[in-house]
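[1] Need a 3D model of the following:
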Amino acid sequence: MLRLLLSFALVATPLARGATVERYALVTSTGRIGTLVVTTEGRAVDVDWRVDDNGRGSKIREHIVLGPKGLPTSRVIEGTSTYGAPVKETFSVADGRARWTSIDDQGEAPAGDALYIDNRGSPWSYLHFVRVLLGSKGLTRPALPSGTLRLQKLREVTIGSSKEKVQAYALWGTSLGSPPLFLVRGTTLVASVSPYAVLTREEHAGRFAELSGIARDLNAELLRDLARRFTHRPEGPVWITHARVFDPVSGTASTGKNVVLYRDRIVGLRADSPPAGATVIDAQGGTLLPGLIDSHAHTQDWDGLLDIACGVTQVRDPGNDNASLLALMPRFDSGELIGPRVFPSGFLEGKSPFSASGGFTVQTVEEAVDRVRWYADHGFWGIKIYNSMPPAFVKPIAEEAHRLGLHVSGHVPAFMNADQAIRDGYDEINHLNQLLLMFVLKPGEDPRTPLRFTVIGERLADVDLQGADFRRLVDLMKERRSTLDPTVATFAPLFVGRPGKGSPTDLPWIDHVPAAVQRDRRTLVLDVKPEQYARYDAS
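    Numbers count the residues shown, from 1 in each chain. Reported below is the predicted structural model:
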């Protein structure tokens, strides 16, 4: 799903007597991808939220009735989520009890003055949270279904050509890290900014670079403080003692030797004791693993903490917002922020109504080849080709990338098969579905929509993976030394996730995260009907 920490400001237009309409544009580095319209008349609020990004995006309508204290007494949310799953969610308050229902769950609790965190609603929730929290004691309120929402006051920033001063806040309680960042004038919400997407009134729609830059700086300040609190740099070697050392080559673990580190490298495996004055970490019999590698991570600033906490010390980033990633990587590398080493692939997309945002979108092969050179000049490890790239562009793009020593990966462009992409220069195909679409798509079907997901669930069970056609593809990959980045954990929620249950891949950790995150992961992703479950399981 889109990880949007939204930025918006208010534009109020009068309608009928007593009614106003507020309009917002959702913008990324490549332009506008969505709209939010909020119509208010008295205590009634109607919301229309639409996103179109690479054939994906929420389409949500809401009707809200506010009570005397400005809190919803009724809220109805309907539409479709990012990948097309139906959304039907309600919230109500009566006789002091709050009740909520969705396709995926239901619950109730004492209402009090708590703020309800919806599961699949629009960004209206963020506007509402900020307005209420700014008038709350300690900028804090209890949340439903559980938890607490809190605004943290940051610092003043300036925006626009007039250098208007606004106050920045972070909102805690809706996610694992990565708090939404809001800019406020007095008690009026002006904007909420993210390095990757902003939702803004028209007067700021052309200021994505400025607003995303503010978000990068604010996030860096928050993360820099955490790095100061949780890290230190030993002056000399570090000895890790009493560990079971796992060897990934042999698949065995051994004891009796100490691991010696200096700066950011393992420099020895020693049986002798640490010298006097050495920094020693006693593993107390725990198992020591080499750093893990995340082979497919669209890295964002707050991901670094979670990566290191999970033992991930290296990630391959297959496409991102270029300015944000190039600003983030040196902060990780220097230790200013906590995070892994990043090996980036530059995102290349063709121009079409389905174009994805991020990286560069090109219209000619000459422009595409020039962008490959830009990525090489900026230290990228590879390039990633995306869905709307014209198939005829792939070979010259790959030839130039290989000439410059870059790795070539990507989705298979629409109306091109995986075998041709490999012959034209792909070193790697991203995602299992991109490899398999050639076996399940019918002539003329366009995979630049959620069809590229649903067709796998509906038809893959009929494909003979031991048959001659599939074996020819595997043999071609072996011949060309092309690889597959399957991202199975990403697809599991799409195909085998069920309403209220989520995916089996989430079971080890799902009960240990905030309620809002649990609800999100236990929500249906695709529009899969109960009668289709067996078919999707088989695929």
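
[2] mind listing the helices for the stretch 51-200 of the chain?
    For the stretch 51-200 of the chain, the helices defined by DSSP state H, counting those that start in this stretch cover 124-133.

[3] and what of the chain?
    Assigned by DSSP state H, the helices in the chain fall at 124-133, 208-230, 303-309, 322-334, 365-377, 391-403, 418-423, 432-440, 451-459, 468-480, 488-496, 515-521, 533-538.

[4] any idea how far residue 428 is from residue 150?
    Going from residue 150 to residue 428 by C-beta to C-beta, to the nearest Å gives 43 Å. From N, CA and C alone the C-beta is placed, and that goes for glycine too.

[5] wait, residue 22
    As judged by C-beta to C-beta, residue 22 and residue 428 stand 45 Å apart.

[6] out of residue 150 and residue 428, which sits in the more crowded spot?
    Just comparing residue 150 and residue 428: by other C-beta atoms under 10 Å the higher neighbour count belongs to residue 428, 21 against 18.

[7] And the pLDDT at the nearest residue to residue 156 once chain neighbours are set aside?
    Once flanking residues are discounted, residue 156 sits nearest to residue 165: 5.3 Å by C-beta to C-beta, 6 or more residues apart in numbering. Residue 165 is assigned 92 on the pLDDT scale.

[8] just residue 197 next, same as before
    Confidence score, pLDDT, at residue 197: 87.

[9] Surely it touches residue 27?
    Yes. Using C-beta atoms under 8 Å, residue 197 is in contact with residue 27, at 7.1 Å.

[10] More neighbours: those two, which one.
    Each of residue 197 and residue 27 has its neighbours counted (other C-beta under 10 Å); residue 197 has more, 27 against 23.

[11] Dihedrals phi and psi, the more buried one?
    Residue 197 adopts backbone torsions of phi -160, psi 140, taken as degrees, to the nearest 10.

[12] now residue 336
    Here is the backbone geometry of residue 336 (degrees, to the nearest 10): phi -60, psi -40.

[13] show me the contacts for it.
    Counting by C-beta atoms under 8 Å, 6 or more residues apart in numbering, residue 336 makes contact with 220, 224, 227, 330.

[14] tell me the pLDDT at residue 362?
    pLDDT, residue 362: 96.

[15] partners of residue 240 in the sheet?
    Beta-bridge pairing of residue 240 under DSSP bridges involves residue 259, residue 281.

[16] do residue 165 as well
    Counting by DSSP bridges, residue 165 forms beta bridges with residue 158.

[17] Measure how buried it is and give me the count.
    Neighbours of residue 165 using other C-beta under 10 Å come to 11.

[18] Would you check that it makes contact with residue 158?
    Yes. Between residue 165 and residue 158 a contact is recorded at 5.6 Å, counting by C-beta under 8 Å.

[19] So the residue of the chain positioned farthest from its centre versus residue 428, what's the distance?
    Within the chain, the residue lying farthest from the chain centre (C-alpha atoms, centre = their mean) is residue 276, at 46.3 Å. Note on residue 276: its distance to residue 428, by C-beta to C-beta, is 49 Å.

[20] Over to the closest residue to residue 284 other than its chain neighbours: give its phi and psi.
    Nearest residue to residue 284, sequence neighbours excluded (C-beta to C-beta, 6+ apart): residue 242, at 6.0 Å. When read as degrees, to the nearest 10, the backbone of residue 242 gives phi 60, psi 40.

[21] Which residues are in contact with residue 242?
    Residues counted as contacts of residue 242 (C-beta under 8 Å, 6+ apart) are 255, 282-285.

[22] Max pairwise distance over those residues: which two?
    Farthest pair in the contacts of residue 242 (C-beta to C-beta) is 255 and 282. Separation: 13.4 Å.

[23] hmm, back to that, need the overlap of contacts for residue 197 and residue 27.
    Counting by C-beta under 8 Å, 6+ apart, the shared contacts of residue 197 and residue 27 are residue 33.

[24] sorry, back to before: and the contacts of residue 336, which are buried?
    For the contacts of residue 336, a neighbour count by 16 or more other C-beta atoms under 10 Å gives the buried set as 220, 227.

[25] can you list the contacts of residue 336 in JSON lines and add distance to residue 270?
    Shown next, in JSON lines, are the contacts of residue 336 (distance: C-beta to C-beta, whole Å):
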{"residue": "220", "distance to residue 270": "38"}
{"residue": "224", "distance to residue 270": "35"}
{"residue": "227", "distance to residue 270": "30"}
{"residue": "330", "distance to residue 270": "33"}
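
[26] Please identify which of the contacts of residue 336 is nearest to residue 346.
    residue 330 (16.9 Å).

[27] And the closest residue to residue 260 other than its chain neighbours, how far from residue 21?
    Ranked by C-beta to C-beta, 6+ apart and with sequence neighbours excluded, the top spatial neighbour of residue 260 is residue 268, at 3.9 Å. Distance, residue 268 to residue 21, using C-beta to C-beta: 68 Å.

[28] who's more crowded, those two?
    In terms of neighbours (other C-beta under 10 Å), residue 21 is the more surrounded of residue 268 and residue 21; the figures are 16 against 13.

[29] pretty sure that one is touching residue 36, no?
    No. Counting by C-beta under 8 Å, residue 21 sits too far from residue 36 to count as a contact (10.9 Å).

[30] low pLDDT regions in the stretch 351-500 of the chain?
    Filtered on pLDDT under 70, the stretch 351-500 of the chain yields no residues whatsoever.

[31] rewinding a little: and residue 236, which of the helices of the chain is closest to it?
    That would be, of those and by C-beta to C-beta, helix 322-334, which comes in at 19.8 Å.

[32] related to what we said a few turns ago, these two touch, right, the residue nearest to residue 260 and residue 257?
    No. Residue 268 is beyond contact range of residue 257, at 9.1 Å (criterion: C-beta under 8 Å).

[33] Break the protein down into its domains, please.
    Using automatic domain parsing, the domain parsing of the chain gives 12-229, 238-288, 292-538.

[34] Low-confidence regions, the stretch 151-300 of the chain specifically.
    Using pLDDT under 70, the stretch 151-300 of the chain has no residue that qualifies.

[35] picking that back up, turn the helices of the chain into TSV, columns for distance to residue 184.
    Converted to TSV, the helices of the chain look like this (distance: least, C-beta to C-beta, whole Å):
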stretch	distance to residue 184
helix 124-133	7
helix 208-230	13
helix 303-309	26
helix 322-334	23
helix 365-377	37
helix 391-403	45
helix 418-423	48
helix 432-440	42
helix 451-459	39
helix 468-480	53
helix 488-496	35
helix 515-521	22
helix 533-538	45
